[in-house]
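Asker: Next input, structure requested:
(chains A and B)
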Amino acid sequence: MALKIVKGSIDRMFDKNLQDLVRGIRNHKEDEAKYISTCIDEIKQELKQDNIAVKANAVCKLTYLQMLGYDVSWAAFNIVEVMSSSKFTYKRIGYLAASQCFHESTDVIMLTTNQIRKDLSSPNQYDTGVALTGLSCFVTPDLARDLANDIMTLMSHTKPYIRKKAVLIMYKVFLKYPESLRPAFPRLKEKLEDPDPGVQSAAVNVICELARRNPKNYLSLAPLFFKLMTSSTNNWVLIKIIKLFGALTPLEPRLGKKLIEPLTNLIHSTSAMSLLYECVNTVIAVLISLSSGMPNHSASIQLCVQKLRILIEDSDQNLKYLGLLAMSKILKTHPKSVQSHKDLILQCLDDKDESIRLRALDLLYGMVSKKNLMEIVKKLMLHVDKAEGTTYRDELLTKIIDICCQSNYQYITNFEWYISILVELTRLEGTRHGHLIASQMLDVAIRVKAIRVFAVAQMATLLDNAHLLTGNMQRNGICEVLYAAAWICGEFSEHLENPMQTLEAMLRPKVATLPGHIQAVYVQNAAKLFATVLKSQEGNTDGTAAQETSQLMIERLPLFVQSANLEVQERASCILQLVKYIQKLQQKDVEVAEEVSALFAGELNPVAPKAQKKVPVPEGLDLDAWINEPPSESESEDEQPKAIFTKEEHKHSRPRHTEVDEKELAKRREARKQEQANNPFYIKASPSSQKVYQESTGVEHIPVVQIDLSVPLKVPGLPMSDQYVKLEEERRQKQRVEKKKKEKKKRKEKHSGRGKKRDSGPESEEDITPAHMVDIVTEEMPENALPSDDDDKDPNDPHKALDIDLDKPLADSDKLPVRSHRAAEAAKSPGEAGDAESAAAQEPKKKSGKDKREEKKKDKDRDRKKSKEEKKKKKHKHEEKEEDLLRGQAGEPVVQSEETSQVAEPPTSTSAEVSDLDFWLSNAPVPSNTQEAATVAAAEATPMPEVVSSTAPDSEPNEPKDAEMEETKSSKHKKKKQKKEKEEKEKKKKKKHHHHHRHSDGGGEESVQNGTVEEEEPLPSMSNYCLLAENSYIKMMMEDADQVCDIQGNLQDGSQVVVSVIFENKCDGFLKSMEFNVLDSLNAKLQRPEGSGPHDGLTVPFQLPPGVSNEARFVFTVQSIVMPQKLKGTLTFIVKNEDSSTHEKLDFKLHFTCTSYLITTPCYSDAFAKLLESGDLKCSSVRLEGVSMPFHHLLARICFHHHFSVVERIDSCSSMYSRSIQGHHVCLLVKTSAQTVSIDAKCDEPTLLGNVLDEIKQTFSQC
Amino acid sequence: MIKAILIFNNHGKPRLIRFYQYFAEDMQQQIIRETFHLVSKRDDNVCNFLEGGSLIGGSDYKLIYRHYATLYFVFCVDSSESELGILDLIQVFVETLDKCFENVCELDLIFHMDKVHYILQEVVMGGMVLETNMNEIVAQVEVQNRMEKSEGGLSAAPARAVSAVKNMNLPDMPRNINIGDINIKVPSLSPF
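Answerer: Residues are numbered from 1 along each chain as shown, chains lettered A, B, ... in the order given. Coordinates of the predicted model:
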């Protein structure tokens, strides 16, 4: 017995492992299948054993076999067993196997739910990781629903390794279980700002993937992404975000305007080609969304095209390919800028790489114009001759035709040329696109009436030389052309010069070798020709000639009557009998020509391809209604109309088919046929059309013998298209000359000497008139056709379900399902916040919902909240209906409005968020997120130094103390002219920032309105940029230090001041290697990157081409904020001209005022009152005389320049509040009477207060 | 999204397949064949992008591949991925393999398909890029391998011994057969 066990374990030792299996397969090359089947048998034995190690080994081998194409789904249960092993080694094997072969219809998946949940909550992070990875591959709607909550929890796991996996898998969960999106989204959004870059990247990844499908729902995230874009250094994240912006811009053009600048900077600064490429792509998307309305974006387009040209010229084929790809996007909206690179693109046609040639072809399509069409097509024709390999040649052929026929033959000026091109194309051996050429010939001949004479002549020659064209084949796709030729000659036979000759050509015995559908056309059109011939011959009163023609028909037609093709046979025998009858009449000397041609009278008009679809349903016709009463269900099980029951049919079809055996099926089929035959309403498939279809596909199966002819086949007597190119050129020349003459005449007549030299430039598109008046017949549409185009959206798109409005606050229904007995665990989830149904649960629910919002607001005032909630409770007492209670959140805005003292409420509701986005979008290009934007906008301080504003010149505040104009020596040489220019520039600058001003004004007005003001006067515009320093090379504009305080309200971190400086290049050289340095004082220091010394400068992260300006931000650390201070600094840079480069420097002084340390902070009146009562604040006051501005202007000015917010306003008295970055409270009471303004101020830091008041005084003394 | 990752050799033999969307086994094999057919006829000096095969994806999908010595690494991705980014990702993946296997060659992939999968799982998850930092990937893989080793402990020792004996007894060591012992030369490409 013991021996047996030992033997068993030794056996197991000698079990094949994966390596043995692989080795075995490699050693059995000749009988691999047999060897593997024995291996599978062994595996089956191993799976039956209890030992989990053996099982895992077996499953591992199965995974390998699965890769070789063996179905291993029979082992699904064993895989689940291995998955549930407690050992990581085996678990990993199990999950790998599952991820390779499980899918939605694997039924054992439902057994795994609990196991996966267990693994997800395992203390070992790698167990969790393996489970997440596996789940990401086989998640089903059921699993997604059951596990959504567990995964949500993992998104806040302590280990970033788990967090990033949990974040990524959420995308799969959303896809399978769309209801989870709304409850999970807030947390996902949080992860965008996760400290771990991997998690952040994962979150960006997921949101980008979501937003790509339903971009409009994610517009509100734009500010956040914008911030990430300007702060992130991870190229992966940047690429994703930039791609996302590409998807968002079409929805919001304002976003595009905001993006242009940072993207341009990235394009200039990045060295990563992938990032550069994506930036260019998104800039293109932006420009498309702006749709040419912005003339000043031509620079951006030029930049893109320039960069793309560099890519295309690169030796790396990948870059070349991508460059062409992006170029084709620009082409759609800005064809002109691409057209100038035609040489480059034509060059790419010679590239050895086929993908690149195809891309170049795509580009050519959009580059044609009336002027260059002939030239481009000529080049392409050359390539057609050169091209080896039929696929590429066919591609060229289709492209030529596409190019010519695009937008209704818009670019073709000479249709004779086009017909001859088409005829030339018929020389191609072995092309598959004969039918394409044929349809073009038909289209042109039918729709361009003026060309018919020419076309008919060409087609007649084609028919005459059909033997040359087709060689000894009917296998060649090109013979389709004869179909068109025959039809055109028949239909427009009145234009034929020698119809008799053509008729003969069409009735040659050789014709019988052509495919059936072509023969049919031949026969039918021979009849038409016959009619024409008869008519002309009878007109000549020569009876015998007409009779000879009939005789010819009677002799030749029997050939077709014998045809195997039904269509041909039917038509031929019909016509044969007709001709025989005509002959009889002719012998009796009856004139028949008139009657025969009456057979084919009338003109065929082209019909638009969608015409049928667009026929409106007549009134009173209900297509869905039953015509007869529906038959009872039992009678016609397999007659169920598919359209209605497709879904059910689909589900059942598979199992049912397997059950029914062949005999039964045959029987049923027979019965059905019988039934259908007897059913008068059943429309049978027409056999003839089917036949034709089969014939045409059958052609491809016949082996093609390539005949290598050294001399290109030329059909004699056919004109060459080149001829037309020359002719056309001559014609245009003539036209030009004529035009000149005419113009001269006109000028003479008018006697006006100021005529512009219009003829000197290249002729514009409109100047080229078509050769002959071409009357392009438009396609017919039914009357009252519906104009709308059908939406071609795929109804099965899984992303459709994810089209969910994420800005709406969470409602009761938005929660993740939690199993009831796991309630304790589930309570952790915030998604649970809204979960309660019983009346008893209503109160806490309401609170929790509120708490969440309250947290967001970062409001620490407990008392206020309590009172607020009491109010709310009172309010709800009045409402007795339960429904209203459930909508507790909706009621909140009402409560808010009661609190009149609230000034700048952070966004809470949908509308607030939307308007926030609007605000962000219309703000100046300062990178910031929503909350910051609000702060910044209200915190703008320094006005423009010069009074040049065109809107309100008188009220433009002037502040020389902020506008430290440090003119360097070089600038002293400036001439007056230059000064003028400078002023103009500044004006422009102002206009640029106009948006910005208006909005900061808006902010001021808003705060005033909160204090219930009645008078409404337009506020003067205020700017926050001041001139820092300038010389003849560069101008620096400083946005007065606006503070970025940690949003968390952590005051220790709040000792930072951010200075935005706009650099503008004023010379015509290139500015580079700019270094910004400031001499640190004891109190304020420029923050430098780690490792650099205290005197090192900061490199400005961009270069400036001539005339370009850009913004950089510098962070300073400040210790004491009670005193204003000045910092000396230098900017060094290299000016690079075409021939030389010089080193230059510019000195400046940075001025930190005390106001610049204040942050606009909203405050409530009750809190304000408490603050004043507390007695910690020192008092101080100041009086301003002779201030003659309206009170609300005054307040707005204080708010704007000194970062205060209005707490309360009563008539001409107002209380204001602000807070320093180090947490000092500053309270003001502003009163005005006549022209005197008195300001009483309180602050816990008297020095700071004194300085602030001085600054306020200075502001108003300048008015 | 990445729809599929395929690794096959110059003869079209699959070395690793990873589909992020379900296809039945026979369909998977067909896709491999088609992809191999498309990729193998391209010169080495043409671009590394192919506008998708007919079987997988459609117009939105691209094949992005790299050819190393005897192996093709093919990623099938949609338009949300950056082409150059994926090229770089392939490079990261191969470099990681090179680190984990120490001079990786085709034989490593043949005999340790499972390990290659585990490495790939740290790079791409469910069709989305999980990690692009090679050191991080290698670190995670190594921790998991150590866990496996410690779990194996004594009980795995006899099996390992037997495996070694088996290798000794085999007349032809796998390293010597076939074309396989050419290392995948990982050229050091400039990061994207």
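Asker: Find the nearest non-adjacent residue to whichever residue of chain B sits closest to chain A, please.
Answerer: Proximity to chain A, evaluated over chain B using CB to the nearest CB, is greatest for B:G126 at 2.9 Å. (Glycine included, C-beta is placed from N, CA and C.) With CB to CB, 6 or more residues apart in numbering or on different chains as the criterion, B:G126 has its nearest non-adjacent residue at 2.9 Å, and that residue is A:S136.
Asker: Show me what the one helix or strand the one you found maps to is packed against.
Answerer: Assigning secondary structure by DSSP states H and E places A:S136 in helix A:125-138. Here helix A:125-138 touches helix A:88-101, helix A:113-120, helix A:141-154, helix A:160-176, strand B:124-125, helix B:134-169, going by 3 or more CB pairs under 8 Å, 6 or more residues apart in numbering or on different chains; DSSP states H and E.
Asker: Show me the contact partners of the fifth one.
Answerer: Where contact means CB atoms under 8 Å, 6 or more residues apart in numbering or on different chains, the residues beyond strand B:124-125 that reach it are A:132-133, A:136, A:165, A:168-169, B:2, B:5, B:18, B:89, B:130.
Asker: between these, which is closest to A:L192?
Answerer: A:L168 (13.6 Å; CB to CB).
Asker: Give the burial count for the closest one, as a bare number.
Answerer: 27 (other CB atoms under 10 Å in any protein chain shown).
Asker: any idea how far A:C479 is from B:C47?
Answerer: 37 Å (CB to CB, to the nearest Å).
Asker: how near is A:L578 to chain B?
Answerer: Distance check for A:L578 against chain B: by CB to the nearest CB, to the nearest Å, it reads 48 Å.
Asker: can you map out the helices along the stretch 1051-1200 of chain A?
Answerer: Assigned by DSSP state H, counting those that start in this stretch, the helices in the stretch 1051-1200 of chain A fall at A:1165-1173, A:1191-1202.
Asker: if we compare the ones you listed, which one ends up closest to chain B?
Answerer: By CB to the nearest CB (comparing all of the helices of the stretch 1051-1200 of chain A), the closest turns out to be helix A:1191-1202, at 43.0 Å.
Asker: just to revisit the earlier point, helix A:113-120 and the helix holding A:S136, what's the angle between them?
Answerer: Here the directions of helix A:125-138 and helix A:113-120 differ by 140 degrees (axes from the mean of the first three to the mean of the last three CA atoms, to 10 degrees).
Asker: any idea of the pLDDT on B:P174?
Answerer: Listed pLDDT for B:P174 reads 39.
Asker: same question, A:G1011
Answerer: 37.
Asker: Over to A:P141?
Answerer: Predicted confidence (pLDDT) for A:P141: 92.
Asker: Who are the contact partners of the residue nearest to it when sequence neighbours are not counted?
Answerer: Nearest non-adjacent residue to A:P141, counting by CB to CB, 6+ apart: A:K176, 4.6 Å away. Taking CB under 8 Å, 6+ apart, we find A:K176 in contact with A:139-141, A:143-144.
Asker: And A:K176, how far from A:T153?
Answerer: Taking CB to CB, one finds A:K176 at 18 Å from A:T153.
Asker: swap in A:L1150?
Answerer: Distance from A:L1150 to A:T153, by CB to CB: 49 Å.
Asker: Where does pLDDT dip in chain B?
Answerer: B:52-57, B:153-192 (pLDDT under 70).
Asker: ok, back up a step: quick one, which of the helices and strands packed on helix A:125-138 is nearest to A:T38?
Answerer: Comparing the helices and strands packed on helix A:125-138 by CB to CB, helix B:134-169 comes nearest, at 17.8 Å.
Asker: neighbouring contacts of the helix or strand harbouring A:A455?
Answerer: Using DSSP H and E, A:A455 maps to helix A:452-464. For helix A:452-464, the external contacting residues (CB under 8 Å, 6+ apart) are A:415-416, A:419-420, A:423, A:426, A:441, A:444-445, A:469, A:481-482, A:484-486, A:488-489, A:492-493, A:495-498, A:501-502, A:505-506, A:715, A:717-718.
Asker: for stretch A:246-264, same thing?
Answerer: By CB under 8 Å, 6+ apart, stretch A:246-264 touches A:211-212, A:215-216, A:218-219, A:222, A:226, A:229-230, A:242, A:245, A:278-279, A:281-283, A:285-290, A:294, A:297, A:300, A:303, A:921-922, A:925, A:927, A:1110-1111.
Asker: Keeping just the C-alphas, turn that stretch into CSV.
Answerer: Output in CSV follows, covering the C-alpha atoms of stretch A:246-264 (Å, rounded to 0.1, in the frame of the first residue of the first chain):
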residue,chain,number,x,y,z
GLY,A,246,-8.9,66.8,-29.7
ALA,A,247,-12.2,65.0,-29.2
LEU,A,248,-13.7,67.8,-27.0
THR,A,249,-12.8,70.8,-29.1
PRO,A,250,-15.4,70.2,-31.8
LEU,A,251,-18.1,70.6,-29.1
GLU,A,252,-16.7,73.8,-27.6
PRO,A,253,-14.8,76.1,-29.8
ARG,A,254,-13.9,78.4,-26.9
LEU,A,255,-11.9,75.5,-25.5
GLY,A,256,-10.0,75.4,-28.7
LYS,A,257,-9.0,79.0,-28.4
LYS,A,258,-7.7,78.4,-25.0
LEU,A,259,-5.7,75.4,-26.0
ILE,A,260,-3.9,76.9,-29.0
GLU,A,261,-1.3,78.7,-26.9
PRO,A,262,-0.2,75.9,-24.6
LEU,A,263,-0.2,73.4,-27.4
THR,A,264,1.9,75.7,-29.6
